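Asker: I'd like to go over a predicted model; first the sequence, then the structure.
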Amino acid sequence: MEKANVTLYTVIGDSNRIVEAIRERFKEMTKEFVCEDETIDLTLPDGTHVIFSIKHRMSNISGMANYFSQVKTPLVGLKENVLLQIRVFNCVTGITFDLNDNEDRTNYILNRLFEIAGDVNGFLLYPSMQIFTGEGKLLFSAKGESQLTEFIPVGNADLLDGNYQEEAQA
């Protein structure tokens, strides 16, 4: 069976927020949820698995930044901000799942992954070297394309969310 590979990148202080987002977003379709060390094995009702491998406190994202820095694009300002974003990522979650003929199942999984990315101010990288926002918009691609006209990099999701909660309570 063919495997799909998607990678979640984020800037986060507490990687357990990713675990909780996975648990919450897949709760209605989770047959079994096993979390050991930095790996989550999520069993779906059809017996297939979605595997999440969380690597926190990453120090070497320069390869990805170097790759995208060579992309030719008229969106120079957007590209520079994307590169700034890539350079501050500190948590990478590799995600693999089996592909089958059930498009609804695949779409369900991908939609949950975008929701998780949104929950942690993260970005999804497809094997085609396309980076998507949590809202499902193409941020930047290996062809220099984007669905956005501007982009402002985000910082630590814990700090951002903490400030938002403080403002909401004020």
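Answerer: Yes, it's here.
Asker: ok, T39 to L124 distance?
Answerer: 19 Å (CB to CB, to the nearest Å). For every residue, glycine as well, the C-beta is placed using N, CA and C.
Asker: And for G94?
Answerer: G94 is 11 Å from L124, by CB to CB.
Asker: re the thing from before, more neighbours, T39 and L124?
Answerer: Using other CB atoms under 10 Å, the more surrounded residue of T39 and L124 is L124, with 22 against 12.
Asker: Am I right that I116 sits in a helix?
Answerer: Yes: under DSSP: H, G, I helix; E, B strand; the rest coil, I116 falls within a helix.
Asker: these two touch, right, it and I22?
Answerer: Yes: here I116 lies in contact with I22, judged by CB atoms under 8 Å, at a distance of 6.0 Å.
Asker: Pull out the buried residues from the helix or strand hosting E20.
Answerer: Remark: E20 resides in helix 16-25, with elements defined by DSSP states H and E. Under the neighbour-count criterion of 16 or more other CB atoms under 10 Å, helix 16-25 has R17, I18, V19, A21, I22, R25 buried.
Asker: neighbours around the closest residue to the first one other than its chain neighbours, how many?
Answerer: This means R17. Distance criterion CB to CB, 6 or more residues apart in numbering; nearest residue to R17, sequence neighbours excluded, is V120 at 5.6 Å. Neighbour count for V120, taken as other CB under 10 Å: 25.
Asker: which ones are touching V120?
Answerer: The contact partners of V120, by CB atoms under 8 Å, 6 or more residues apart in numbering, come to L8, T10, I12, R17, I18, A21, A157.
Asker: Save those residues as TSV, and put in pLDDT and distance to N81 too.
Answerer: As requested, the contacts of V120 are exported to TSV (pLDDT from 0 to 100; distance: CB to CB, whole Å):
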residue	pLDDT	distance to N81
L8	95	19
T10	93	16
I12	88	19
R17	93	24
I18	94	23
A21	96	24
A157	57	17
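Asker: Of those, which is the nearest to S128?
Answerer: Of all the contacts of V120, L8 has the smallest distance to S128: 15.8 Å, by CB to CB.
Asker: name the element F68 belongs to?
Answerer: Going by DSSP H and E, F68 is part of helix 62-69.
Asker: hang on, D119 packs against E135?
Answerer: No: using CB under 8 Å, D119 is not in contact with E135; the gap is 11.9 Å.
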